Every structure is written in structure tokens, then in C-alpha cells.
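Colleague: A structural model of the following input is requested.
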Amino acid sequence: EVQLVESGGGSVQAGGSLRLSCTASGFTSDDSNIGWYRRAPGNECELVSTTGSDGNTYYADSVKGRFTFSQDNAKNTVYLQMNSLKPEDTAVYYCAAPADTVTPCDHIEHWGQGTQVTVSS
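Modeller: Residues are numbered from 1 along each chain as shown. I've put the predicted structure just below:
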């Protein structure tokens, strides 16, 4: 059974940092691309970051320079380091697979349970 389990969300003030983790079971992070998505109230699902088929890392324009995607294949875990957080980053963050830059959220097969990130001004 494929499972994705996120952790690391919370509440911070603007300018603060959080690190999200997503551990996969049932497949390896090396076999299936895991990405980070978010959904804020009233907004559509947004791809935040993932690695592309070319090996490069994709970031949404709104998070470039502030968020960093990384992965530890030995731990089957991917991370999202979020720095200089802004109130507009407030959302439920999900890891999902298989992720890429073109597949709509509702076509992605596996999702974690989500973790809330709240940034206050």
C-alpha cells in the first residue's frame, strides 16, 4: 500500500521558517517523483515544488528564492524548507505522487493527509 505522511507544519509569524517532511512507503522516492502542493481556502490546488524529468527542481514563482526542495532517498523522504514565510503562504500543504509540472491535481494518484501552515502578519 502506498502511503505519504507529512509532518512539520505549524504557525509562525511572517519572516519565520518551517520545514516540512514527507515520508513515503510502498514505493521509493527515487522511483516516483514526489511533489509539494498547497491549497489555501478559496484557492485552487497549486504545485509548489517538485523535481522535473530533466533533474531540475521546479518552484512556483511565488516561492522562488524562499523555499527549497530536497530529498533523502535513503530515508525515502522529501523535504520543503520554507524561509521568509509570508501570510499568503498560509495553506494546507500536501505531498503527492507521481508529481510533475503538467498533471492537474485531481489526476494525481497518491496524496498525503496534508499539514497546515499558518503565517501571521
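Colleague: residues touching residue 38, list them.
Modeller: Contact analysis of residue 38 by C-beta atoms under 8 Å, 6 or more residues apart in numbering lists 45-46, 48, 89, 91-94, 117. The C-beta positions use only the backbone N, C-alpha and C, and glycine is treated the same way.
Colleague: Give the helix, strand or coil label for it.
Modeller: strand (DSSP: H, G, I helix; E, B strand; the rest coil).
Colleague: Shouldn't residue 102 be within a strand?
Modeller: No. Counting by three-state DSSP, residue 102 is not found in a strand; it is coil.
Colleague: Restricted to strands, list the contacts of residue 38.
Modeller: 46, 48, 91-94, 117 (DSSP state E).
Colleague: Just the buried residues from these, in ChimeraX please.
Modeller: Remark: buried members of the ones in strands among the contacts of residue 38, expressed as a ChimeraX selection using 16 or more other C-beta atoms under 10 Å:
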select :48,91,92,93,94,117
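Colleague: hang on, the earlier thing: name the nearest of the contacts of residue 38 relative to residue 76.
Modeller: residue 94 (17.1 Å; C-beta to C-beta).
Colleague: For the residue nearest to residue 10 when sequence neighbours are not counted, give the beta-bridge partners.
Modeller: Using C-beta to C-beta, 6 or more residues apart in numbering and skipping residues adjacent in sequence, the residue nearest residue 10 is residue 18, 6.0 Å away. Going by DSSP bridges, residue 18 is paired in beta bridges with residue 82.
Colleague: what residues are up against residue 18?
Modeller: Residue 18 neighbours (C-beta under 8 Å, 6+ apart): 8-10, 12, 82, 85, 117.
Colleague: so can I have a markdown table of those showing distance to residue 22, pLDDT and secondary structure?
Modeller: Converted to a markdown table, these look like this (distance: C-beta to C-beta, whole Å; pLDDT from 0 to 100; DSSP: H, G, I helix; E, B strand; the rest coil):
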| residue | distance to residue 22 | pLDDT | secondary structure |
| --- | --- | --- | --- |
| 8 | 9 | 96 | coil |
| 9 | 11 | 95 | coil |
| 10 | 15 | 97 | strand |
| 12 | 19 | 98 | strand |
| 82 | 13 | 98 | strand |
| 85 | 18 | 98 | coil |
| 117 | 13 | 98 | strand |
